[in-house]
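Engineer: Fold the stuff below for me.
(chains A, B, C and D)
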Protein chains: 2
Amino acid sequence: MKFNPTVPIYLQIMDSIKKDIVTGTLAHGERVESVRVLSEKFGVNLNTMQRACSELEREGVIYTQRGVGSFVTEDEKVVHSLKQEMCGGLVDEFINGMRGIGFTNNEILKTVEEALAK
Amino acid sequence: MKFNPTVPIYLQIMDSIKKDIVTGTLAHGERVESVRVLSEKFGVNLNTMQRACSELEREGVIYTQRGVGSFVTEDEKVVHSLKQEMCGGLVDEFINGMRGIGFTNNEILKTVEEALAK
DNA sequence: GTGAGTGTAATATATACCTATAACACTAAT
DNA sequence: ATTAGTGTTATAGGTATATATTACACTCAC
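Structural biologist: A predicted model of the protein is given here:
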């Protein structure tokens, strides 16, 4: 995985795992690979991977059983609201950004339509 | 101005100035306020402001006359392509992000329409 | 109980960013 | 020439991120 050098790696890893969860690639209750395996997979130091996982746990997206492993939350409400949250963040950032550079609502919509057509 | 703590401040300042340029708030050829004034305005250290300005100059968005001040590029092509670049970046990030969390093209379009209606 | 596989923690090192502060170099008006 | 206002550079210190490395603590299967 290639990282954006202007954003902390652990945040980008968190985002990647969240995407897997909201798309069902990682089902609710399913076990997440071990931090050591994940650190290899992402090409990242063990501590950095641990940072990403502990933050995900703090957010309630995964939970951990010491000595056993980490698992995606069983709570589907959490997964659903996570998806809403991620979606809302993307939309807000996009629309605010476009308005910020002078686009009207119609121009924004038209731009999206054209981009999707490609 | 409030900054996103996960993105370098100098990049956010660059983005703010670029927005002023592509929207015409800063006209082409117009003088940009001095780095000292800008550092006050943005509530940021002089070195950080200088960093933002030197990067903007490196990108050709502004040019500098030592002892005089900095000015927005006279080249309208640069301004135009800057707007295209910023717009394209926003659209790509948005669409890739939405697809990444499982949205179809129709769902993306619908989501944008709803968000714009608000 | 031993061992392999988990999560977790600690130390040291390096780099990037931001700040505070001071100084230098140039330009234009007086 | 002097002065005020420019851009520019340099040093030092603090914080956050990421790395390498080592070690500890827990669980489960054998």
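
Engineer: Which secondary structure state does the residue nearest the centre of chain A sit in?
Structural biologist: Nearest residue to the geometric centre of chain A (C-alpha atoms, centre = their mean): residue A:15, 2.2 Å. With DSSP: H, G, I helix; E, B strand; the rest coil as the basis, residue A:15 sits in helix.

Engineer: Can you name the residues of chain A sitting close to chain B?
Structural biologist: Contact residues, chain A versus chain B (C-beta under 8 Å from any C-beta of the partner chain): A:6-8, A:11, A:19, A:22-24, A:83, A:86-87, A:90-95, A:97-98, A:100-103, A:105, A:108-109, A:111-113, A:115-116. In this view, the C-beta of every residue, glycine as well, is placed from N, C-alpha and C.

Engineer: hmm, 6 Å instead?
Structural biologist: A:19, A:22-23, A:86, A:90-91, A:94-95, A:97-98, A:100-102, A:105, A:111-112, A:115-116 (C-beta under 6 Å from any C-beta of the partner chain).

Engineer: List buried residues within these.
Structural biologist: For the residues of chain A next to chain B, a burial check counting by 16 or more other C-beta atoms under 10 Å in any protein chain shown picks out A:19, A:22, A:86, A:90-91, A:94-95, A:97-98, A:100-101, A:111-112, A:115-116.

Engineer: just to revisit the earlier point, mind checking which of the residues of chain A next to chain B land in helices?
Structural biologist: The members of the residues of chain A next to chain B that map onto helices under DSSP state H are A:19, A:22, A:86, A:90-91, A:94-95, A:97-98, A:100, A:105, A:111-112, A:115-116.

Engineer: gap between the residue in chain A positioned nearest to DNA strand D and residue B:12?
Structural biologist: Nearest residue of chain A to DNA strand D: residue A:67, at 2.5 Å (C-beta to the nearest atom of the strand). According to C-beta to C-beta, to the nearest Å, residue A:67 stands 43 Å off from residue B:12.

Engineer: Among those two, which residue is more densely surrounded?
Structural biologist: The neighbour count for residue A:67 versus residue B:12, taken as other C-beta atoms under 10 Å in any protein chain shown, is higher for residue B:12 (17 against 5).

Engineer: Check which helix or strand the more buried one maps to.
Structural biologist: helix B:9-22 (DSSP states H and E).

Engineer: Burial check on the single nearest residue of chain A relative to DNA strand C, number of neighbours?
Structural biologist: Nearest residue of chain A to DNA strand C: residue A:34, at 3.2 Å (C-beta to the nearest atom of the strand). Residues contacting residue A:34 under the criterion other C-beta under 10 Å number 14.
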